[in-house]
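Enquirer: Here is my input; please provide its structure:
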Amino acid sequence: MPAGLQLQGAQLFRHRLLLSTLTGTPLRIIDIRSDDAAPGLRDYEASLLRLLEKVSNGCVVEINETGTKLRYKPGLLAGGRGLVHNCGTSRSIGYFLEPLIVLGLFGKAPLSITLKGITNDSKDPCVDTFRVTTLPMLKQFGVPIEDVQLKIKTRGAPPEGGGEVLLQVPIIQKDLTPVSWVDEGMVKRIRGVAYSTRVSPQMSNRMVDSARGVLNHFLPDVYIFTDHYSGQGSGNSPGYGITLVAETTTGCLLSAEAVTNPVNQDGDEKQSPSLPEDLGTHASRLLLEEIKQGGVVDSNHQGMLFLLCALCPEDVCKVRVGKLTPHAIRILRLIKEFLNVQFSIKPDPETGTIILVCVGSGYRNVTRKIS
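Expert: So this is what the prediction gives:
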């Protein structure tokens, strides 16, 4: 087993635990918000630790009284069917999905889990983005995409949530497939979904009209579905938002989203809810910005792309992205620390994009059942 690592602070908490679990590296994190007015772990971080205990066997978690120090000894990834986890209402389900999808690929058995909480908010990627952009990205790395499923059973808007999604992730038999993914292609169509819950269905139509008003100047093939929830499927709070996806001629998917501020039902609103027209226009402009930056994935998916490249066999992976985000740069450093994989970074002056090349760590799914 690799020697343990000691890290400081609360940043990249999810990715530290994810890489610790994958590599079997015991982890000690100190000074977790020790200078904060409210020091220690947040409830959503504690919830993530409980989730890791559910999908693995034998992991050990020790937290001191103030919550500012954590010891984590990872167990074996087990996967499992019929699991249920309540994500709470501090962070949305999207916070938990990214590490869960990667861990699910390397389990002993396929993962099937129901997550409850907030499905769409402005802090984390919405479940729609995971469904239409993140999961199809796995196909590039040889994951059988027909076995991957993210089904939205109930929408849950902040602050009360009440949403429910079902995630199913197959295990990969041995290892991922190395990629040479540098051809971003040209945008050929734009799809999207405008959802509303516990408000007038007209909200969705207004978002669609304003989004199309921007995008149809550039492309005729724009189709945005409306998804209205009422009754039992509408969660506990009113809300609405829009997710847009641009598909290129080479199969790349770039996404952007916009969500209204939480609508307080008691009328005591600190922030007034956004106009549907503003959300549609804002999401369209964000998508155009992602397209302008170039790359085979949008800025929100850079970190996950680099992580999957680092988990590939000991072969060359080559990918093209737009401007590196601060989050992606921190993940590159974390990958070097846990997997000892270093990326070569070369700007492409002609397109304004960046090409990253690495040799994978040779990570294999050693916990799968031998048939």
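
Enquirer: Any idea what the residue nearest to Ser344 when sequence neighbours are not counted is bridged to?
Expert: Among residues not flanking Ser344 along the chain, Val357 sits closest, at 4.5 Å (C-beta to C-beta, 6 or more residues apart in numbering). In short, each C-beta sits where N, CA and C put it, glycine included. On the basis of DSSP bridges, Val357 is bridged to Lys318, Ser344.

Enquirer: Val357 contacts Asp315, doesn't it?
Expert: No. Checked against C-beta atoms under 8 Å, the pair Val357 and Asp315 is beyond contact range at 11.2 Å.

Enquirer: tell me, what residue is most central in this protein?
Expert: In the chain, the centroid-proximal residue (C-alpha atoms, centre = their mean) is Glu98; its distance is 3.9 Å.

Enquirer: Surely that one touches Arg14?
Expert: Yes. Contact criterion C-beta under 8 Å: Glu98 and Arg14 qualify, at 6.9 Å.

Enquirer: quick one on the thing from earlier: which residues touch the residue nearest to Ser344?
Expert: For Val357, the contact set (C-beta atoms under 8 Å, 6 or more residues apart in numbering) comprises 316-318, 343-344, 346.

Enquirer: Could you check how far it is from Val341?
Expert: Distance of Val357 to Val341, given as C-beta to C-beta, to the nearest Å: 11 Å.

Enquirer: returning to what we had before: can you tell me how far the residue nearest to the centre of the chain is from Ala256?
Expert: Taken as C-beta to C-beta, the span from Glu98 to Ala256 is 17 Å.

Enquirer: burial of the residue lying closest to Arg364 once chain neighbours are set aside, as a residue count?
Expert: Distances taken as C-beta to C-beta, 6+ apart put Asp175 closest to Arg364, at 4.9 Å, once the chain neighbours are dropped. For Asp175, the neighbour count with other C-beta atoms under 10 Å is 20.

Enquirer: Surely Asp175 is within a helix?
Expert: No. According to DSSP: H, G, I helix; E, B strand; the rest coil, Asp175 belongs to no helix; its state is coil.

Enquirer: Just the pLDDT at it, thanks.
Expert: Reported pLDDT at Asp175 in the predicted model: 90.

Enquirer: List the residues that contact it.
Expert: Contacts of Asp175 by C-beta under 8 Å, 6+ apart are 311-313, 362-365.

Enquirer: I'd like the distance from Leu111 to Asp278, if you could.
Expert: 38 Å.

Enquirer: Revised request: answer the last question for Thr89.
Expert: Separation of Thr89 from Asp278 (C-beta to C-beta): 25 Å.

Enquirer: which of these two has more neighbours?
Expert: Neighbours were counted for Thr89 and for Asp278 using other C-beta under 10 Å; Thr89 has more, 21 against 14.

Enquirer: Need phi/psi at the more buried one.
Expert: Here is the backbone geometry of Thr89 (degrees, to the nearest 10): phi -120, psi 10.

Enquirer: Ok, Ile118 next?
Expert: Backbone torsions for Ile118, taken as degrees, to the nearest 10, come to phi -90, psi 130.

Enquirer: in this protein, which segments are predicted with low confidence?
Expert: Where the chain drops to pLDDT under 70, the residues are 1-3, 263-270, 368-371.

Enquirer: Apply 90 and report the result again.
Expert: 1-4, 79, 173-174, 229-234, 261-274, 364-371 (pLDDT under 90).

Enquirer: which residues in it form helices?
Expert: Secondary structure of the chain (DSSP state H): helices at 13-23, 43-55, 93-105, 127-129, 135-137, 202-215, 276-293, 302-310, 326-339.

Enquirer: Same question for the longest one: list its buried residues.
Expert: Neighbour-count burial for helix 276-293, with 16 or more other C-beta atoms under 10 Å as criterion, is recorded at 276, 279-284, 286-288, 290-291, 293.
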